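Q: Quick one: sequence and predicted model below, then my questions.
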Amino acid sequence: MSASRFSVRHYTGQPIPKEDICKAVQWAMKSPSVCNRQSTRLKIIYNKEKIRQVLSLQKGTGGFTDTIGALIMVAGDLKSFSSPHERNQVFIDNGIFCMNLLYGLQYLGYGTCPLHWFWGKEHDLKLRKLIQFPENWTVSCFISVGCLPDEFSVPMGYRKELSEICFFEEEESQ
């Protein structure tokens, strides 16, 4: 399944049934997380105008914003961590969770596209005005979800060869 997953930016505009999102989220909840703390929190947005406003802050969906069936905000609850030394763990946990969520949504027949959220405090405060969520949540990304049309294109990017990313530390001979 992982070899057949692609980010998709062509959707029909139909809403995604909440039951399907809940099913995929339940599957993703089996994702590993530090000390099984399950720090990931989600906010699912259906309102088309709210999606437009949020993604105007995100600045990465020109051309397909209006056809998104649901937008998932992925955040981490910072209260799940015991010290500042764990501050980056939220992004690792959320990344693992997101990948499993993407696979679950794909299994259910939906197209998805993970969307960055790397903005600073100013954008974060604007987002918090648009969407209400606890102060202790930190946003790591969004996922657009949509029903797939009968025909669509998939952006083709260069994929590195295994030899470009996988390096073995050889055993010392004795």
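A: Noted; the coordinates are in hand.
Q: what pLDDT, on average, does stretch 82-89 get?
A: The average pLDDT for stretch 82-89 rounds to 83.
Q: Kindly report the same for stretch 119-137.
A: 91.
Q: Name the surrounding residues that touch it.
A: 41, 43, 45, 50, 53-54, 57-58, 73, 75-79, 139 (C-beta atoms under 8 Å, 6 or more residues apart in numbering). In short, each C-beta sits where N, CA and C put it, glycine included.
Q: what about 7 Å?
A: 41, 43, 45, 50, 53-54, 57, 73, 75-79, 139 (C-beta atoms under 7 Å, 6 or more residues apart in numbering).
Q: cool, and stretch 47-62?
A: 45, 65-66, 68, 71, 115-117, 123, 126-127, 130-131, 142, 144.
Q: which among the contacts of stretch 119-137 end up buried?
A: Neighbour-count burial (16 or more other C-beta atoms under 10 Å) applied to the contacts of stretch 119-137 gives 41, 43, 45, 53-54, 73, 75-78, 139.
Q: Now intersect these with the helices, please.
A: Counting by DSSP state H, the part of those found in helices is 53-54.
Q: ok, so what distance separates the closest residue to residue 1 other than its chain neighbours from residue 27?
A: Spatial nearest neighbour of residue 1, excluding adjacent residues (C-beta to C-beta, 6 or more residues apart in numbering): residue 103 at 6.0 Å. Using C-beta to C-beta, to the nearest Å, one gets 8 Å for the distance from residue 103 to residue 27.
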